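>>> Give me coordinates for this.
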Amino acid sequence: MSNTLINGQRINLSNILNDIKKVKIEITYQIKDSYSILGSEFNFLAFCLNENAKFINKYYFVNRINNKTPDNALNYCKSLNNENVISFTIDFTKINSSIKKIIFALSLENDIFNDSDKFKFLKRLEVKLSSLDKITFLKFDVPLNFSNETTIEIFEIYNKDFQWRAVGYFYGYIGNLGLLTEKYGLQLDEENYFDEKHLESSITRKEVRTSNEAVNKKLKIYQEKLLDLSKRNPLINIKPKSIIEFQNPDMYEIFNLIQENKNIIISPIPENFDLYREEANEIIAVKKKKELTSLLYRIKNRASSSMEEQGINILFLSFGLLTWVEKENSQDKFISPIILVPVELIKDSLNSPYKLKLLDDEIIVNPALNTKLNNQYGKQLDDLPEEFTTLSLKDYFEEYNAPIK
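Model prediction:
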């Protein structure tokens, strides 16, 4: 008996298959009769990402041209019996240990790019998973909620808590495949991942780059408009119950550990703190073990969900706090983080400690706080230098020993 996923539903494959070794993913599509004369093809693809939701390298991008990964764990094949069926196979016994996510997507070929209906000529799009014995155990009908998208993500298999899981969804991009791969850290401009027909597209690389620059400028404006500047936003007003404060070592030593790209162990406050000596890569939280473990669990789940569902990191290690008031002599004080360092919480096994790991992303000054200060007072915190070190951190905060006026 097969299971049917609805849009956004997640399922643990281990609960369906006792021994996950090899899985076949079939993607079936049907075109409406009125569009059948187009004779157009899709570019179906799958690609592997690491724990930071980034490409390992370009060879873990699989389609009809590059039809398998270096470890031979992910393979592409077109059905000989049905031209409207594309298949991928995943061999979990061969899969690279650094792979934590496999995304399945499709992009339109050239002769449809000028069609104002875009994906609307599709009558049906279905994803089916079957086991080694060819029995289908999971189905997902992709919702055909298209507007002007030309590239879409439709299905994902990912590893969470050492178990493989799946989710069916729809996420579209208005633009070519490069927009999707750039999101996950891969540039396709100089690589021939498509057939000659695709490379003769009327959309030139120069036009795509120009389009991307315009999109990025608009996106920045929208992001500023969409910033939540209310008291509800923890970047504006920290909620003590939802954060973890570290007591030892000091923030400069912690920053130095982060810069060295070490996995930092998070430990609860010991009973005999004065006699305790932490390890070289250990930081002490101002919380007892039970409370700390519970909070770390909630934070990790929320951050993981955001990364898996939206590709957005929401977890930061904050350095420096700004205490401020909206009006002079007001009793309502706000406490906002200043410098945000993108990090990830990892846990190697059930009994292992939680660890902090630096993400390969930009260290920034709190954008919500800067926008709030600029809107209300016409003031902003200084930008960070291009090379930001522990010494830079000390110099930065020396400028703000006095109140900002």
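
>>> List the neighbours of stretch 57-64 that are in contact with it.
The contact list for stretch 57-64 (CB atoms under 8 Å, 6 or more residues apart in numbering) reads 43-48, 55, 66, 68-70, 74-76, 78, 88, 96, 99, 181, 186, 188, 191, 193-195. Bear in mind the C-beta positions are built from the backbone N, C-alpha and C, glycine included.

>>> Any idea what the closest residue to L144 other than its chain neighbours is bridged to?
Distances taken as CB to CB, 6 or more residues apart in numbering place L122 nearest to L144, at 5.8 Å, with adjacent residues excluded. On the basis of DSSP bridges, L122 takes part in beta bridges with I31.

>>> Y29 is in contact with L122, correct?
Yes - if you go by CB atoms under 8 Å, L122 and Y29 touch, sitting 6.3 Å apart.

>>> Looking at the contacts of stretch 57-64, which are in strands?
Those of the contacts of stretch 57-64 mapping onto strands are N43, F44, L45, A46, F47, C48, L74, N75, Y76, K78, F88, per DSSP state E.

>>> Including distance to N248, neighbour count and pLDDT, could the residues you listed go into CSV?
Shown next, in CSV, are the ones in strands among the contacts of stretch 57-64 (distance: CB to CB, whole Å; neighbours: other CB atoms under 10 Å; pLDDT from 0 to 100):
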residue, distance to N248, neighbour count, pLDDT
N43, 53, 20, 83
F44, 52, 21, 90
L45, 48, 25, 92
A46, 46, 25, 95
F47, 42, 23, 94
C48, 39, 26, 95
L74, 45, 26, 95
N75, 50, 16, 95
Y76, 52, 19, 94
K78, 59, 14, 78
F88, 49, 25, 95
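
>>> Could you work out the most separated pair of the residues you listed?
C48 and K78 (20.1 Å; CB to CB).

>>> what's the spacing between stretch 235-246 and its chain's center?
Relative to the chain's own centre, stretch 235-246 is displaced by 23 Å; criterion: CA atoms, centre = their mean, to the nearest Å.

>>> Report the buried residues of the strand or helix carrying R302.
Following DSSP states H and E, one finds R302 within helix 289-310. Going by neighbour count (16 or more other CB atoms under 10 Å), the buried part of helix 289-310 is L292, L295, L296, I299, K300, A303, S304, M307, E308.

>>> Contacts for it next, please.
Residues outside helix 289-310 that contact it (CB under 8 Å, 6+ apart): 8, 53, 101, 156, 158, 160, 167, 169, 242, 244, 266, 268, 285, 287, 312-315, 344-345, 347, 354.

>>> Just the buried residues of those residues.
53, 101, 156, 158, 167, 169, 244, 266, 268, 285, 287, 313, 315, 344-345, 354.

>>> for the residues you listed, which one is nearest E326?
Of the buried ones among the contacts of helix 289-310, the one sitting nearest to E326 (CB to CB) turns out to be I244, at 26.9 Å.

>>> Give me the three-state assignment for the closest one.
The assignment at I244 comes out as coil when based on DSSP: H, G, I helix; E, B strand; the rest coil.

>>> okay, it: pLDDT?
pLDDT for I244: 89.

>>> Give me the distance between it and L292.
7 Å (CB to CB, to the nearest Å).

>>> likewise I283?
Following CB to CB, the distance that separates I283 from L292 is 11 Å.

>>> Which residues are in contact with each of those two?
Common contacts of I283 and L292, defined by CB under 8 Å, 6+ apart, comprise I266.

>>> circling back: can you list which of the contacts of helix 289-310 are found in helices?
Residues from these lying in helices, with DSSP state H as the criterion: none.

>>> still on that earlier bit, for the residue nearest to L144, give its distance to L235.
Using CB to CB, L122 is found at 41 Å from L235.

>>> The two: which is more packed in?
L235 (20 against 17; other CB atoms under 10 Å).

>>> Surely the more buried one touches L373?
No - contact criterion CB under 8 Å: L235 and L373 do not qualify, at 12.0 Å.

>>> Tell me how many other residues crowd N329.
5.

>>> Give me the nearest residue to S392, chain neighbours excluded.
Excluding the flanking residues, the one nearest S392 by CB to CB, 6+ apart is P385, at 5.4 Å.

>>> Check L186 too.
F55 (4.2 Å).

>>> distance of that neighbour from Y252?
Distance, F55 to Y252, using CB to CB: 34 Å.

>>> Which of those two has more residues huddled nearby?
F55 (18 against 14).

>>> Could you point out which residue ranges in the stretch 301-405 of the chain have low pLDDT?
Counting by pLDDT under 70, the stretch 301-405 of the chain has low-confidence residues at 309-310, 400-405.

>>> where exactly do the helices run in it?
Using DSSP state H, counting those that start in this stretch, the helices of the stretch 301-405 of the chain run over 367-377, 390-398.

>>> just so I know, which of these lies nearest S131?
Set against S131 and scored by CB to CB, the helices of the stretch 301-405 of the chain come closest in helix 367-377, at 46.9 Å.
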